[in-house]
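Asks: the sequence and its predicted three-dimensional model are supplied below.
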Amino acid sequence: MRVTASAAHDVPGRSGPSATTEADPRRVGVVRTEYSPAHDGDPDPGEIVWTWVPYEENDGRGKDRPLLVVAREAAGTFLAVQLSSKPHDGDREWVPIGSGPWDRSGRDSWVGVDRVLRLHEQGMRREACALDRMRFNLVVHRLRERYGWR
C-alpha cells in the first residue's frame, strides 16, 4: 500500500497518538501473553490485525502489514510482531506459522520475533483473523525465550 504525503494522515497507525511504534521488548515491564481472541473488531492477543508499520530505518517510510497481537498492556496498548510471506526457513528470528486467511494468496507465513511493535486500537486498519492457540503458543514461547517474558 503506497500512500501519498497528503493522504498519510488518513492511514491508521501511521502518525499521531495512535501511530504504531517500535517497543523495546526488554523494557516494556511485565508482559502477560494470553490467548484471548474475540472476533469483535478490536485487537486481542491471538489475533492477526493490519496496521501501518514503520520500516526499521525509522525514516518516515513504512507499509500496511499484518501483525500478530501477543499481549495487552495496562495502558490500553498492545504488543505485536510482524508477519512475512518471505521464506525465513532455519532462521530462529522467524517462527513458521504456515498459511491462513490473513494472506489472500494462501502463502505460508513467518512471524518475526526480533522486533516488537506497540499498537493502538485506533491505529489498526482491520482485524484479519485469529491464529489458532497452538501456533500462537509457538510464537509466544520464542518471545519468552528471547526476552525473558513470563
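Replies: On my side now, so go ahead. Numbering: from 1, shown residues only.

Asks: find the nearest non-adjacent residue to the spatially most central residue of the chain, please.
Replies: In the chain, the residue lying closest to the centroid (C-alpha atoms, centre = their mean) is residue 67, at 2.6 Å. The spatial neighbour of residue 67 that comes closest, neighbours along the chain excluded (C-beta to C-beta, 6 or more residues apart in numbering), is residue 80 at 3.9 Å. In this view, the C-beta of every residue, glycine as well, is placed from N, C-alpha and C.

Asks: kindly report the same for residue 35.
Replies: That would be residue 46: by C-beta to C-beta, 6+ apart, it lies 4.4 Å from residue 35.

Asks: before we move on, back to that, in its sheet, what does the helix or strand harbouring the residue nearest to the centre of the chain sit against?
Replies: Using DSSP states H and E, residue 67 sits in strand 62-72. Strands that pair with strand 62-72, judged by DSSP bridges, come out as strand 47-54 (antiparallel), strand 78-84 (antiparallel).

Asks: list of residues touching the longest one?
Replies: What it means is strand 47-54. Strand 47-54 is contacted by residues 11-14, 19-22, 37, 39, 43, 60-69, 80, 82-83, 100, 102, 117, 119, 123-131 when judged by C-beta atoms under 8 Å, 6 or more residues apart in numbering.
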